[in-house]
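Let me see the structure of the following:
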Amino acid sequence: MGVPVKTRLINGFVLTEYRYGEGTALRRHCHELAYFSVVLSGSYEEHCSEKQVRHCDSEKVLYHPAGEAHSDKFGNRGGAIFSIELEPRWTSKLREYELKAEESIAFPHRGVSWLGRRAYQAFSDPDPSSALLLEAAAIELLYHLPWKHSAHTESYPPRWLKDVVEILHAEFCQPFSLTAIGQRVGAHPVHLARAFRRHHGMTMGQYVRRLRVDYAMNALAGSESLSDIAVQAGFSDQSHLGRVFRAATGMTPAQFRSAHRRSC
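Have a look, this model is predicted:
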């Protein structure tokens, strides 16, 4: 079934990267858990039935319900797939919102491919904080399934969204999960992820990173060590602070501190 390269478990999601050799052929089989698959490289043909054959190439995102039978044949370059399996607790949550995905789905639009890439980037990031970004991307993928609630788009922010923002501002330096916050405000995590991005223009994980960088920028005006600032802002260590800070500002924390002192 492919060679597993790496696996992570995040709040009911089982995430695995698989590699397949040249011409690999997988006989007809089915999976116990429903899952998304993101084609990272290479290509393959998937046969779900005699009439349903899909050509799956790079960045394609597919959804398979639990127990669906299919076979696969990889091309002469082999391939790599990022799999996001849903543990039973997610399946039951989707039933609550009247999931209508009884057959496999190949998503045609680029927005889903972008989510798949973002999920894989977070999956590949060893920093502990990547768990929130990974969870948020996986939950947003769920939103694109054909379920009853997804047909409704809110023009105004739901009342609980203000509570979510207050929680993030008060606790951005602490580890937490999107699912846990959803439980605290009484919102389904899929609804929460989608509503947050719709009304704030970014995911919760990106919002938290921005809060942490803003905190670090203010703290760098003082004399505390970079390692202390990293811990206080919620980063795993000083190097983690450096990577995220530079990506956000174009400068390292030390360069930012020096520039601030010269301007004062």
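
Name the SS class of S236, please.
At S236 the chain is in coil, as set by DSSP: H, G, I helix; E, B strand; the rest coil.

contacting residues around R19?
G2, V3, V5, G78, G79, A80 (C-beta atoms under 8 Å, 6 or more residues apart in numbering). For every residue, glycine as well, the C-beta is placed using N, CA and C.

out of the residues you listed, who has the most neighbours?
Neighbour counts for the contacts of R19, by other C-beta atoms under 10 Å, peak at G79, which reaches 23 neighbours.

about what we covered before: so which of the contacts of R19 sit within helices?
Counting by DSSP state H, no part of the contacts of R19 is found in helices.

Quick check, central residue of this protein?
A137 (2.4 Å; C-alpha atoms, centre = their mean).

if I pick it, what's in contact with it?
Each residue near A137 by C-beta under 8 Å, 6+ apart is listed here: L115, G116, R118, A119, A122, T203, G205.

so when I look at it, I'm seeing a strand, right?
No. Under three-state DSSP, A137 sits outside any strand and is assigned helix.

JSON lines for the contacts of R19, including pLDDT and distance to Y215?
Listed next are the contacts of R19 as JSON lines, based on pLDDT from 0 to 100; distance: C-beta to C-beta, whole Å:
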{"residue": "G2", "pLDDT": "80", "distance to Y215": "42"}
{"residue": "V3", "pLDDT": "90", "distance to Y215": "42"}
{"residue": "V5", "pLDDT": "93", "distance to Y215": "35"}
{"residue": "G78", "pLDDT": "90", "distance to Y215": "45"}
{"residue": "G79", "pLDDT": "92", "distance to Y215": "42"}
{"residue": "A80", "pLDDT": "93", "distance to Y215": "37"}
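
ok, these vs T179, which is closest?
The closest of the contacts of R19 to T179 turns out to be V5 (C-beta to C-beta; 25.9 Å).

isn't that closest one right up against Y20?
No. At 10.9 Å, V5 does not count as touching Y20 under the criterion of C-beta atoms under 8 Å.

What helices and strands are in contact with the longest strand that the chain contains?
Across the chain, the longest stretch assigned as strand under DSSP state E is strand 69-86. Here strand 69-86 touches strand 13-20, strand 25-30, strand 35-47, helix 110-124, helix 130-143, going by 3 or more C-beta pairs under 8 Å, 6 or more residues apart in numbering; DSSP states H and E.

quick one, which of these is packed in tightest?
Most buried of those by mean neighbour count (mean count of other C-beta atoms under 10 Å) is helix 130-143; its value is a mean of 24.

Can you name the residues that contact the spatially closest residue to E140 that is not a sequence neighbour?
Nearest residue to E140, sequence neighbours excluded (C-beta to C-beta, 6 or more residues apart in numbering): A193, at 5.0 Å. Shown in contact with A193 (C-beta under 8 Å, 6+ apart): A136, I139, E140, Y143, L178, T203, M204.
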